[in-house]
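Q: Give me a model of this one.
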Amino acid sequence: MLLTRIKGPRDLDRLSQEELNQLAAEIRSFLVDAVSKTGGHLGPNLGVVELTIALHRVFDSPKDKVLFDTGHQAYVHKLLTGRQDFGNLRSKGGLSGYPSRAESDHDVIENSHASTVLGWADGIAKANEVLGREDHYVAAVIGDGALTGGMAWEALNNIAAAKDRPLVIVVNDNERSYGPTIGGLANHLATLRTTDGYERFLARGKDILERTPVVGKPLYETLHGAKKGLKDFIAPQGMFEDLGLKYIGPIDGHDIEALESALQRAKRFSGPVIVHCLTQKGRGYEPAVQDEADRFHAVGVIHPDTGLPVSTDAASWTSVFADEMVKLGKERKDIVAITAAMLQPVGLKKFADAFPDRIFDVGIAEQHGATSAAGLATGGAHPVFAVYATFLNRAFDQVLMDVALHKCGVTFVLDRAGVTGTDGASHNGMWDMSILQVVPGLRLAAPRDAEQLRAQLNEAVLVKDAPTVVRFSKGVVGPAVPAVGRIGGMDVLRTPAPEVTRPDVLLVSVGALAPMCLEIAALLDKQGISCTVVDPRWVKPVDEALAPLADQHRVVVTVEDNSRAGGVGSAVAQALRDAGVDVPLRDFGIPQRFLDHASRKEVMAEIGLTAPDIARQVTGLVAKLDGRYDSEPAAAVD
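A: Presented below is the predicted three-dimensional model:
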């Protein structure tokens, strides 16, 4: 196999065009076989095989910086830079599903939040200029979906202003982000792709000219590469050139020779240039090509021949939300939904099918989505903006200044909250409850099970004068956790034995960690430590009944799937201080560091967010209060 002979990008230099095409076929076969066993981003990588080969033939990585936006299209890049062990892809100790500086000097950007690559490229190109690195190049690959993000256009505005600073922008145009790309930019790119005559020129013109003796191929390259050549009569690429950016394309993104020719021309330009490449997401794998939803953007473990899942999971948090949104839509005509280019992943596809006039896809533009939601609320609708928890970070200013300051009734639904695991540091939703604590008037719910998700979503959309947030985890929703009582607005999940006059521990359970908190209480009970477990349901603001309840216990413990810094534990501690309740408090959550990719269970074990770990520490705290030891660690809890 050719692929096994590729240890680094320069090994590509020795291959003929026929061998490069063979290599592309081998890479696709490898990806289908490998990713079907582990899960991962399959469709995007199948679409960029030839493009990535051409990039590494033309540019000299890592001296030249080849950047990807987003990193889910970097599997081919990994293969060509010496990383071909995909056996533990996205698992602990295996390759990351995104570029990773810890893995290779060829990887630069690893945060995998879309629309950032042009800002990175602008900065690196400026550094090259300042430091006199005239032989260093920057090539930034950005999908047409990522170009819907405002950051990309802010960067383009700056890039275009430096007309003599070399920078190659490769637009990977497959008409999709997760699903089909929407908006004015998508329409413009579609015009570039489909203007009458241009498709025929690409398909037939090259073939005819290259078969013309002596002058055919040079003539084709001259006409195709000219700034004002035949394409001006066929395709209106003026939008990019009006910005001051040279434009090459559209180029067949699966023709390695054509791609190399275009990239070489772009590399020779003395300023910024856009190379517009047409690719097909899921290329070469029929189940992906036939998948209209997202072309196998991301898959679990599948049968490689059919593309069907190996196993069917139970109901997910996302599916529970999806069904409840349709129910709400039927009950209230003012309910509308917003997604940032993630209709299917966040569970809004059913709502969109049922109410096509009440769904708004803003593209990869969370900031705009939040402010547009404020406008919708001001106009009399109640918008529900569903977004991954990690991506709401990008819209913090809009949540604060547009939604909260104006007391707009907007509901934000945060999917993939807490530890998500396999997608790594940039995708853990571990900051939302900390960031949102500072927003005046905002109310934040953390449902513990499917029933509570439905109930708290219904409660959230009743609020008309403030932002509300409902956050839930990734994956399968757990078993129902019934309440045994209610104190204030809090559900009581467990009480001590009736004869206990002052319980030892008040355990405040946040969201989906309720089963674990009940396990902690059971472990403490075995050590003779009495425990009350409460679920606040709404963790912001802190329930007024919590401080008096805490005053009836010896110790307060909070457990949350969020950063300890500024999270629910911090808010509870402040509420107790404000109420003059002086009891020891211990908060358990995610440490303030970026977490490596692994399964959720493995990450939780690594950071000590498990029932035995927490029970052991709480046992030690209670023992210390009892004066049973001064400095010795507590005995292990089985």
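Q: Give me the most central residue, this protein.
A: Residue closest to the mean C-alpha point of the chain, counted by Cα atoms, centre = their mean, is H427 at 5.1 Å.
Q: for it, what are its contacts?
A: By Cβ atoms under 8 Å, 6 or more residues apart in numbering, the contact set of H427 is S112, Y388, T390, R416, T420. Glycine gets a C-beta too; all of them are placed from N, C-alpha and C.
Q: Might one say that the fourth one is in contact with G429?
A: Pointing back at R416 there. Yes - judged on Cβ atoms under 8 Å, R416 makes contact with G429 at a distance of 5.0 Å.
Q: got any residues that touch both of the two?
A: Counting by Cβ under 8 Å, 6+ apart, the contacts common to R416 and G429 are Y388, A389, T390, K474.
Q: which residues touch the first one?
A: The one in question is Y388. Y388 neighbours (Cβ under 8 Å, 6+ apart): M342, P345, V346, L414, D415, R416, H427, G429.
Q: okay if I get these as a markdown table plus secondary structure and distance to K526?
A: Converted to a markdown table, the contacts of Y388 look like this (DSSP: H, G, I helix; E, B strand; the rest coil; distance: Cβ to Cβ, whole Å):
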| residue | secondary structure | distance to K526 |
| --- | --- | --- |
| M342 | coil | 44 |
| P345 | coil | 41 |
| V346 | coil | 41 |
| L414 | strand | 35 |
| D415 | strand | 36 |
| R416 | coil | 34 |
| H427 | helix | 37 |
| G429 | strand | 33 |
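Q: possible to save these as a markdown table with distance to D491 and pLDDT?
A: Formatted as a markdown table, the contacts of Y388 follow (distance: Cβ to Cβ, whole Å; pLDDT from 0 to 100):
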| residue | distance to D491 | pLDDT |
| --- | --- | --- |
| M342 | 31 | 90 |
| P345 | 30 | 92 |
| V346 | 26 | 94 |
| L414 | 21 | 96 |
| D415 | 23 | 94 |
| R416 | 24 | 92 |
| H427 | 30 | 86 |
| G429 | 23 | 85 |
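Q: What subset of the residues you listed is buried?
A: M342, P345, V346, L414, D415, R416, H427, G429 (16 or more other Cβ atoms under 10 Å).
Q: if I look at the first one, how far off is S372?
A: In other words, M342. For M342, the distance to S372 equals 16 Å [Cβ to Cβ, to the nearest Å].
Q: swap in the third one?
A: As judged by Cβ to Cβ, V346 and S372 stand 16 Å apart.
Q: Give me the mean pLDDT for the lengthiest strand in the chain.
A: In the chain, taking DSSP state E as the definition, the longest strand is strand 555-563. Per-residue pLDDT over strand 555-563 has a mean of 96.
Q: The helix or strand just after that strand packs against which elements?
A: Later in the chain than strand 555-563, the nearest helix or strand by DSSP states H and E is helix 568-578. For helix 568-578, the packing partners by 3 or more Cβ pairs under 8 Å, 6 or more residues apart in numbering; DSSP states H and E come out as strand 538-540, helix 546-550, strand 555-563, strand 585-590.
Q: Can you tell me what sits against the longest helix belonging to the chain?
A: What stands out as the longest helix in the chain, according to DSSP state H, is helix 17-38. For helix 17-38, contacts defined as Cβ under 8 Å, 6+ apart pick out 1-3, 6, 12, 15, 41-42, 45-46, 49-50, 53, 57, 75-76, 79, 84, 86-91, 256-257, 283-285, 299, 301-304.
Q: and with 7 Å instead?
A: Taking contacts as Cβ atoms under 7 Å, 6 or more residues apart in numbering, the residues outside helix 17-38 that touch it are 1-3, 15, 42, 45-46, 49-50, 53, 75-76, 79, 86, 89-91, 256-257, 284-285, 299, 301-304.
Q: returning to what we had before: any chance of the contacts of Y388 in a markdown table, plus distance to V470?
A: Below are those laid out as a markdown table (distance: Cβ to Cβ, whole Å):
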| residue | distance to V470 |
| --- | --- |
| M342 | 17 |
| P345 | 17 |
| V346 | 12 |
| L414 | 7 |
| D415 | 10 |
| R416 | 13 |
| H427 | 19 |
| G429 | 13 |
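Q: What's the local residue count around G123?
A: G123 has 13 neighbours, counted by other Cβ atoms under 10 Å.
Q: the helices in the stretch 351-500 of the chain, which residues?
A: 366-378, 389-392, 396-397, 432-435, 450-460 (DSSP state H, counting those that start in this stretch).
Q: Relative to V603, which of these is closest?
A: Checking those against V603 by Cβ to Cβ gives helix 389-392 as the closest, at 14.3 Å.
Q: And the closest one, how far out from the chain middle?
A: 8 Å (Cα atoms, centre = their mean, to the nearest Å).
Q: Correct me if wrong, but I159 is in a helix.
A: Yes - assessed with DSSP: H, G, I helix; E, B strand; the rest coil, I159 lies in a helix.
Q: Quick check: phi and psi on V275?
A: Main-chain torsions, V275, degrees, to the nearest 10: phi -110, psi 110.
Q: Now do V500: how many residues are near it, please.
A: Counted with other Cβ under 10 Å, V500 comes out at 12.
Q: State the distance from it to M430.
A: Look at V500 and M430: by Cβ to Cβ, they are 35 Å apart.
Q: ok, now C517?
A: Between C517 and M430 the computed distance is 18 Å (Cβ to Cβ).
Q: before we move on, what about P447?
A: Taken as Cβ to Cβ, the span from P447 to M430 is 18 Å.
Q: who touches stretch 50-63?
A: Under Cβ under 7 Å, 6+ apart, the answer for stretch 50-63 is 9, 12-13, 20, 23-24, 66, 76-77, 80, 105-106, 136-137, 139, 172, 253-256, 259-260, 263-264, 267, 277, 279.
Q: swap that for stretch 249-268, please
A: 17, 20-21, 50-51, 53-55, 57-58, 137, 168, 172, 192-193, 202, 221, 225, 248, 273, 275-279, 283.
Q: okay, V469: pLDDT?
A: You'll see V469 listed with a pLDDT of 98.
Q: do the one 5 residues further on as well
A: The model reports K474 with a pLDDT of 90.
Q: hang on, the earlier thing: return the subset of the contacts of stretch 50-63 lying in helices.
A: Filtering the contacts of stretch 50-63 for helices - DSSP H - leaves L20, L23, A24, V76, H77, L80, I256, L259, E260, L263, Q264, K267.
Q: Buried only: go through those residues for me.
A: L20, L23, A24, V76, H77, L80, I256, L259, E260, L263, K267.
Q: mind listing the strands for the stretch 1-150 of the chain?
A: Using DSSP state E, counting those that start in this stretch, the strands of the stretch 1-150 of the chain run over 65-69, 138-143.
Q: so what does the shortest one touch, helix or strand wise?
A: With contacts defined as 3 or more Cβ pairs under 7 Å, 6 or more residues apart in numbering; DSSP states H and E, the packing partners of strand 65-69 are helix 117-130, strand 138-143.
Q: ranking the ones you listed by burial, who's on top?
A: Using mean count of other Cβ atoms under 10 Å, the stretch among the helices and strands packed on strand 65-69 with the largest mean neighbour count is strand 138-143, at a mean of 27.
Q: for the stretch 301-450 of the chain, which spans come out with low pLDDT?
A: Along the stretch 301-450 of the chain, segments meeting pLDDT under 70 span 313.
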